[in-house]
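> A predicted structure for the sequence below; I have some questions about it.
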Amino acid sequence: MKTLEYVITDPVGLHARPAGLFVKKAASYESSITVKNMENGKSADAKRIMAVMSLGVKQGNKIELTMEGGDEETAETELMAFLKENL
């Protein structure tokens with residue numbers, strides 16, 4: 001199991017467009033991936049758009065991603081790069 005934390009820098013947070021891109025990226029891995037909003041404690045399956053959007057992630061919120069499965073190391077590296085580029 002791999003875990004990473006990231007603080008959202010996008011001025012509008014994890015809204016529809018980047019959430020859709022994030023879910024698409026997360027869905028490309030076989031590992032199960034969970035995203036948690038550390039500000040309110042809500043967590044969701046990172047592969048489900050409505051679940052991710054329901055977390056209410058805003059600019060400055062810290063999120064925690066947990067990856068577990070055969071490609072968790074690749075997922076950790078690539079999702080961190082994705083977050084830095086897009087959020």
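Yep, it's here. From a predicted model like this one, the values you see are computed outputs, not experimental measurements. Numbers count the residues shown, from 1 in each chain.

> skipping adjacent residues, who's closest to the residue nearest to the spatial centre of the chain in space?
The structure's the chain has its C-alpha centroid closest to residue 35; by CA atoms, centre = their mean the separation is 4.9 Å. Spatial nearest neighbour of residue 35, excluding adjacent residues (CB to CB, 6 or more residues apart in numbering): residue 46 at 4.5 Å. Yep, even glycine has a C-beta here, placed from its N, CA and C like the rest.

> surely that neighbour touches residue 36?
No. Between residue 46 and residue 36 there is no contact under CB atoms under 8 Å: 9.7 Å.

> and the two? Which one has more around it.
residue 46 (28 against 20; other CB atoms under 10 Å).

> what's near enough to touch that one?
Contact analysis of residue 46 by CB atoms under 8 Å, 6 or more residues apart in numbering lists 22-23, 26, 33-35, 52, 65.

> and for residue 56?
Counting by CB under 8 Å, 6+ apart, residue 56 makes contact with 13, 37, 40, 42.

> I figured the second one hits residue 61, correct?
Yes. In this structure, residue 37 is within contact of residue 61 by CB under 8 Å, at 5.8 Å.

> the two: who's more crowded?
residue 37 (22 against 17).

> quick one: contacts for that one?
Counting by CB under 8 Å, 6+ apart, residue 37 touches 43, 55-57, 61, 63.

> returning to what we had before: confidence score at the residue nearest to the centre of the chain?
Looking at residue 35, its pLDDT is 97.

> what packs against the helix or strand residue 18 falls within?
In this assignment (DSSP states H and E), residue 18 forms part of helix 16-27. Using 3 or more CB pairs under 8 Å, 6 or more residues apart in numbering; DSSP states H and E, the elements in contact with helix 16-27 are helix 49-53, helix 72-86.

> ok, and for that helix, which residues are buried?
18-19, 22-23, 25-26 (16 or more other CB atoms under 10 Å).

> what's the answer for stretch 72-79, then?
Per 16+ other CB under 10 Å, stretch 72-79 contains these buried residues: 72, 75-76, 79.
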